[in-house]
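> no sequence on this one, just coordinates:
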């Protein structure tokens, strides 16, 4: 587990659920999205690599979709923790997966500055959450998205 | 340009638009999505790398979103070529970018087999297309998506 502060929900996924290319701390090739709680929202900050370009000078849309996806899932997991009266890190984190992902690219995202990805729970039950996500570059919202997150089904636990 | 057959629309993007992480032939770190025309649809085939895992044994959703995105864009570009009476490869390909991306993950996608990504134009004008995309693994459709593709705006051509 990384010794970084503040605590991210992904630091507390059980090892077997911590291999995701987008947010798994055990995926050595991955993006390592880390979602932390700030004032009722989940926030992730990440600087794309130079190769994460789409059109020259701008961030690849697939990377933005990946950030929306993993951070939305992290926010859903954190919300489930909080709803059960625990703080993030009190117990192994619940693992959600993505049922549906929507991203609207509202402005080109410049490649270079760190991106801030903010997630807000729109609605949630113990088994499902709808999460609204924004991607912000240099103070400008460049993409908005929505993730429908569901608790991991039994069919995905024997991979 | 790769010497592969059959011809992919991405082989014919002008060099300055061929750096995309998802589909740029000049991005040495990228995924190299190649979209070819088959019987009225565009088809891309790609085998995810071992690190492209989400949950162990299954493909990362962000990769699936990336494939839907780049292949949808490629299909839109190919459709624009065909609508103007050219075949893919007759001229430098038009470049579209993503306005909106939707992906529904209808079944877990096994990590291992090659994926087939199929795109069908739902509607198109010279400047915009709506593209329906399916991701198929071992004969099973595991994700469906929709891309709204628009001709690259002037604001993205000075990156």
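On my side now, so go ahead. Note that the structure is predicted; figures quoted are calculated from it, not measured. Residues are numbered from 1 along each chain as shown, chains lettered A, B, ... in the order given.
> quick one: mean pLDDT for stretch A:82-91?
Mean per-residue pLDDT for stretch A:82-91: 93.
> what about it, how long is it end to end?
In stretch A:82-91, first residue to last residue: 11 Å (Cα to Cα, to the nearest Å).
> list the buried ones in that stretch?
The neighbour-count check on stretch A:82-91 (16 or more other Cβ atoms under 10 Å in any protein chain shown) flags residue A:88 as buried. Backbone N, C-alpha and C define where each C-beta goes, glycine included.
> how far does that stretch sit from the chain's center?
18 Å (Cα atoms, centre = their mean, to the nearest Å).
> what are the contacting residues of it?
Applying Cβ atoms under 8 Å, 6 or more residues apart in numbering or on different chains, the contact partners of stretch A:82-91 are A:7-9, A:11-12, A:36-37, A:78, A:81, A:124, A:126.
> repeat the analysis, applying 6 Å as the threshold.
By Cβ atoms under 6 Å, 6 or more residues apart in numbering or on different chains, the surrounding residues in contact with stretch A:82-91 are A:7, A:9, A:12, A:78, A:81.
> can I get these in TSV with secondary structure?
Shown next, in TSV, are those (DSSP: H, G, I helix; E, B strand; the rest coil):
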residue	secondary structure
A:7	coil
A:9	helix
A:12	helix
A:78	helix
A:81	helix
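> would you turn those into JSON lines with distance to chain B and neighbour count?
Formatted as JSON lines, these follow (distance: Cβ to the nearest Cβ, whole Å; neighbours: other Cβ atoms under 10 Å in any protein chain shown):
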{"residue": "A:7", "distance to chain B": "22", "neighbour count": "18"}
{"residue": "A:9", "distance to chain B": "16", "neighbour count": "28"}
{"residue": "A:12", "distance to chain B": "16", "neighbour count": "20"}
{"residue": "A:78", "distance to chain B": "18", "neighbour count": "28"}
{"residue": "A:81", "distance to chain B": "19", "neighbour count": "21"}
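> farthest pair within these?
Farthest-apart pair in those is A:7 and A:81; separation 10.8 Å (Cβ to Cβ).
> coming back round to it: for the contacts of stretch A:82-91, which one is nearest residue A:54?
When those are compared for distance to residue A:54 (Cβ to Cβ), residue A:9 wins out at 28.0 Å.
> so which residues on chain A come close to chain B?
Residues of chain A found near chain B (Cβ under 6 Å from any Cβ of the partner chain) are A:19-22, A:29, A:51-58, A:60-62, A:65-66, A:69, A:98-105, A:108, A:156, A:159.
> just the buried residues of those.
So, by 16+ other Cβ under 10 Å, the buried ones in the residues of chain A next to chain B are A:19-22, A:52-58, A:60-62, A:65-66, A:69, A:98-103, A:105, A:108, A:156.
> so which of the residues you listed sit within helices?
The helices, defined by DSSP state H, take in A:61-62, A:65-66, A:69 from those.
> residue contacts, residue A:52?
Going by Cβ under 6 Å, 6+ apart, residue A:52 touches A:59-60, A:63, B:21.
> at 7 Å instead, please
Shown in contact with residue A:52 (Cβ atoms under 7 Å, 6 or more residues apart in numbering or on different chains): A:59-60, A:63, A:111, B:21.
> now do residue A:74
Contacts for residue A:74 (Cβ under 7 Å, 6+ apart) come out as A:9-10, A:23, A:33, A:35, A:42.
> same question for residue A:51.
B:21, B:27, B:29-30.
> residue A:13 touches residue A:95, doesn't it?
Yes - between residue A:13 and residue A:95 there is a contact at 6.0 Å, judged by Cβ atoms under 7 Å.
> got a list of what residue A:13 touches?
Counting by Cβ under 7 Å, 6+ apart, residue A:13 makes contact with A:93, A:95.
> now do residue A:102
A:145-146, B:102.
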